[in-house]
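>>> could you work out the structure for the sequence below:
(2 chains)
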Amino acid sequence: MNSPALPTASRPGFLARRRRAYYFFAMPALVVVGAVIIFPWLFTVWMSVFDWRIGSVPHFVGLENYIKLATNQRFLESIVHTFYFTLLAVILPLLLGTAAALIFHREFPFRGVLRGIFTMPMMATPVAVALVWTMMFHPQQGVLNYLLSLVGLPPSLWVYSQTLVIPSLVLVEVWHWTPLVMLIVLGGLAALPTEPYESAKLDGATEWQLFRYITFPLLAPFLIVAAVIRTIDALKAFDTIYVISQGGPGTASETINLYLYLQAFAFYNVGNASAVVVVFFIIILALALVLLHVREKTKWI
Amino acid sequence: MSQPIRDDRPDALRRRLLGAGAGAVALGALPGASLVQAQGSGAFDWKRFKGEKIEVFLVKSPRGDLLTKFHKEFEDLTGIVVGSEMVPEQQQRQKAVIEFNSGNPSFDVIALSYHVQKRQFAKNNWLTDLRPMIADKSLADPALDFADFAQGGLNYAVEPDGRVNSLPLNLDPWVVYYNKELFDAKGIAFPKTFAEMQDAAAKLTDSGKGVAGFVARGLKNANVPVWTSFLLGYGGSFIDGKGKLLTDSSEAIDAGKMYQVMLGKYGPPGVAGFNWNESQSLFLQGKAAMWLDGIGFAQPLEDPTKSRIVGKVGYGVMPAGPKRQVSALFGDGEGISTYSKKKGPAWFYLQWASNKMNQTRMLQAAAGAPVRNSAYAAAQSSSDFKAPKQWVECMLTSARIAQPGLPVISPVTEFRDVFGVALTNMINGADPAAELKKATADFQPVLDKSEKA
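Prediction:
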């Protein structure tokens, strides 16, 4: 009766040793995460409660930076601009990219070459793309207004108008990133099983029914991935906007990122900028939760 | 650390100009500076710091390129080895702040834009006072002749308390480029006053042909000097002696109204998003009668591969406002880091960079408008100098009537941003008085804080 007790007595020590060893192996990862994610994050929160301008002595101000942001019209507008831009810059490439993928999934001559051409915008450098589009948008000398004039339409002000600037910037994003969505969806289409289609056709399903009840539900996980990637990209969009409109005319296209850049790197107001980062982080976190929730819900499709 | 805010009212400005002038005279009277003329430059020992090494931190621009190209010449002359770094303007400004704040910047010599960095550098005591070295005849080359420097440049170099923190290299007064062909077609002469300017813009605007009577920057931040060009002519200024903004004064509002009319009414569609490059391309196509901007944008206008208006461009001095005739001035120069351990060699570099040869080269390469008056005559005597005579005259006249185009304060970028938004709103129909009142109220606390810290 005593003998079985011996191994059990030694077990806790063994487990504890194993646990210690486990922590040891996790250390490198923990150090990296701590140094590049957790520490900067805590430091940002720390800076956000100071009145801190580079070149002057920081003063502790508590939540004053946040209170000021809550009543800062320009910051609040930048949140609206960010959402407006993101919404358009996610939905349009998603719709067009999916449509393009469905087209390119079919067999037709020169499909490979055309696919290659279609993905080319994605490979261009954003700043170069932005500079070219800036020239095309020029209200007097731009090629876009020339094209409009060919079909008898009046010239548009594009990014030089306060109301059209965000849709015009989205146009650039759509041109640039629709191919990415197409690639993701195309990958999804290639992975779809053929059996459900065959049996559905036997049952007399129409093309639309095939898409709605087979293709779309099976494709949903890929669409979600594309949507998440696009959302991340659109939220952090900076280069295109900065190069083309610099947030203007006035502040009409100033997104949170541009506002943040101004505060931190043009005005050297790092306290205030840190508060903006914290608020932006909370917004992104909330949005991520919404997306996760949507992913759960999509199981019904 | 903290110095009184510069007083920008006209009377105070006059006093300050006189003071700065006296300072310049005093510089000339310093033993080192005057001795040189007598001595002749042959006696000056350029090899004194042979074998030392300095680091210079320049802005990526035609001027930075030009100096870098001839660094070898400086090395041969002095035996000092030059390490140099050139980064784009915005990044240079950010890097300068960060490096100076670290207390151990990697450079000995730094290029500065006066309108952005002068007050910031002076307030933080980041630059070495050059006066002792100017006075030391073993350190100051006889050819460093301050009488040859344009007054506007010396004003930038001299601080209100008399310190000399930098040597100016390039001046950028704002001028009016005009299309002679369009003016002649309507039989209009180049305007001499603001009223004539508005009148001319009204007559020259022809939306049917897509011709704008006037074009200038409407994009926020970039647009502020356009408004200050008007503000100075209306007799306005930026800040009073107590550090209170004067940017909602009646002069400022008049300037705002003029900005609104000139751009909103006579400007091209979409001008609210125009920076200098959009303005320039419109003018190059012959689609704008007048273009107000810095004098440094002239080169492409005379280049047949880029311009449709070669030979038709007039270079006009900024017309007179109801109170004064002023050209808004910008400029840049070079100073020595206060943390530098090689101030002597760095000072040699400054003298070399601003010498007559380099200043003449700058003009010949169309890389800028030199601060040395003698460079203009020198450049014109060379056969490959292509700038029109009228451009040179316009430059010299403008430099004489020039005043800083932006307030000399630390948070100048924020100033341009806040007032830039107000100006863009004006183009789109907002009331100038209300916009300026709001911008002034928004910016006053920022200014107060920057001077207190």
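>>> when you work out contacts or count neighbours from here on, use the C-alpha atoms and nothing else.
OK.
>>> where do the helices sit along chain A?
With helices called from DSSP state H, chain A shows them at A:5-33, A:39-47, A:64-71, A:73-105, A:111-118, A:126-137, A:143-150, A:165-191, A:195-202, A:207-210, A:216-235, A:239-244, A:256-261, A:270-297.
>>> and the third one, is it in reach of chain B?
No: on the criterion CA under 8 Å from any CA of the partner chain, helix A:64-71 is out of touch with chain B, staying 12.4 Å away.
>>> residue nearest the centroid of the chain?
Here I'm looking at chain A. Ranked by distance to the mean C-alpha position of chain A (CA atoms, centre = their mean), the top residue is A:Ile232 at 1.6 Å.
>>> let me rephrase: I mean chain B.
B:Phe330 (1.5 Å).
>>> is it true that it lies in a helix?
No: counting by DSSP: H, G, I helix; E, B strand; the rest coil, one finds B:Phe330 to be strand, located in no helix.
>>> buried stuff in stretch B:92-105?
Under the neighbour-count criterion of 16 or more other CA atoms under 10 Å in any protein chain shown, stretch B:92-105 has B:Gln92, B:Arg93, B:Ala96, B:Val97, B:Ile98, B:Phe100, B:Pro105 buried.
>>> looking at these, which one is closest to A:Ala286?
Closest approach to A:Ala286 among those (CA to CA): B:Ile98, at 33.9 Å.
>>> ok, now which ones touch the closest one?
A:Ile54 (CA atoms under 8 Å, 6 or more residues apart in numbering or on different chains).
>>> could you report the separation of it from A:Ser56?
Counting by CA to CA, to the nearest Å, the separation of B:Ile98 from A:Ser56 is 12 Å.
>>> what residue ranges in chain A score low on pLDDT?
Applying pLDDT under 70 to chain A flags residues A:1-19, A:298-301.
>>> who does B:Ala402 bridge with?
B:Ser327 (DSSP bridges).
>>> and it, how many residues sit next to it?
24 (other CA atoms under 10 Å in any protein chain shown).
>>> try the one 5 residues further on
Other residues near B:Pro407 come to 21 when the count uses other CA under 10 Å.
>>> same check, this time on A:Pro167
17.
>>> which positions in chain B make contact with chain A?
Counting by CA under 8 Å from any CA, chain B sits next to chain A at B:94, B:97-98, B:101, B:124, B:210, B:219-220, B:269-274, B:278, B:282, B:411, B:413-414, B:420-422, B:424-425, B:453.
>>> please redo it, this time with the cut-off set to 7 Å
Proximity of chain B to chain A is confined to B:94, B:101, B:219-220, B:269-270, B:272-273, B:411, B:413-414, B:421, B:424-425, B:453 under the rule CA under 7 Å from any CA of the partner chain.
>>> farthest-separated two in those residues?
Of all pairs drawn from these, the one with the longest distance (CA to CA) is B:Asn101 and B:Pro269, at 43.9 Å.
>>> shouldn't B:Pro168 be within a strand?
Yes: the assignment for B:Pro168 by three-state DSSP puts it in a strand.
>>> what does the pLDDT read for it?
B:Pro168 is assigned 95 on the pLDDT scale.
>>> now B:Ala369
At B:Ala369, pLDDT is 87.
>>> ok, the one 4 residues further on next?
The pLDDT attached to B:Asn373 in the predicted structure is 89.
>>> how close does the nearest residue in space to it that is not next to it in sequence sit to A:Ile282?
Distances taken as CA to CA, 6 or more residues apart in numbering or on different chains place B:Asp148 nearest to B:Asn373, at 5.6 Å, with adjacent residues excluded. Distance of B:Asp148 to A:Ile282, given as CA to CA: 59 Å.
>>> okay, now the closest residue to chain B within the stretch 51-200 of chain A: neighbour count?
At 4.7 Å from chain B, A:Tyr160 is the closest residue in the stretch 51-200 of chain A, using CA to the nearest CA. The local packing of A:Tyr160 (other CA under 10 Å) involves 28 other residues.
>>> please list all residues in contact with it.
By CA atoms under 7 Å, 6 or more residues apart in numbering or on different chains, the contact set of A:Tyr160 is A:Pro249, B:Gly270, B:Ala272, B:Gly273.
>>> what's the closest non-adjacent residue to the second one?
Once flanking residues are discounted, B:Gly270 sits nearest to A:Tyr160: 4.7 Å by CA to CA, 6+ apart.
>>> the one you found and A:Glu254: what is the separation?
Using CA to CA, A:Tyr160 is found at 13 Å from A:Glu254.
>>> can you name the residues of the stretch 1-150 of chain A that neighbour chain B?
So the stretch 1-150 of chain A meets chain B at A:Gly55, A:Ser56, A:Pro139 (CA under 7 Å from any CA).
>>> just give the number of residues close to the second one.
Per other CA under 10 Å, the neighbour tally for A:Ser56 reads 14.
>>> domain ranges for the chain, per the record?
Picking chain A for this. The record's domain parsing of chain A by automatic domain parsing lists A:5-47, A:66-300.
>>> ah, I was thinking of chain B
According to automatic domain parsing, the domains of chain B span B:10-172+B:330-404, B:174-327+B:406-452.
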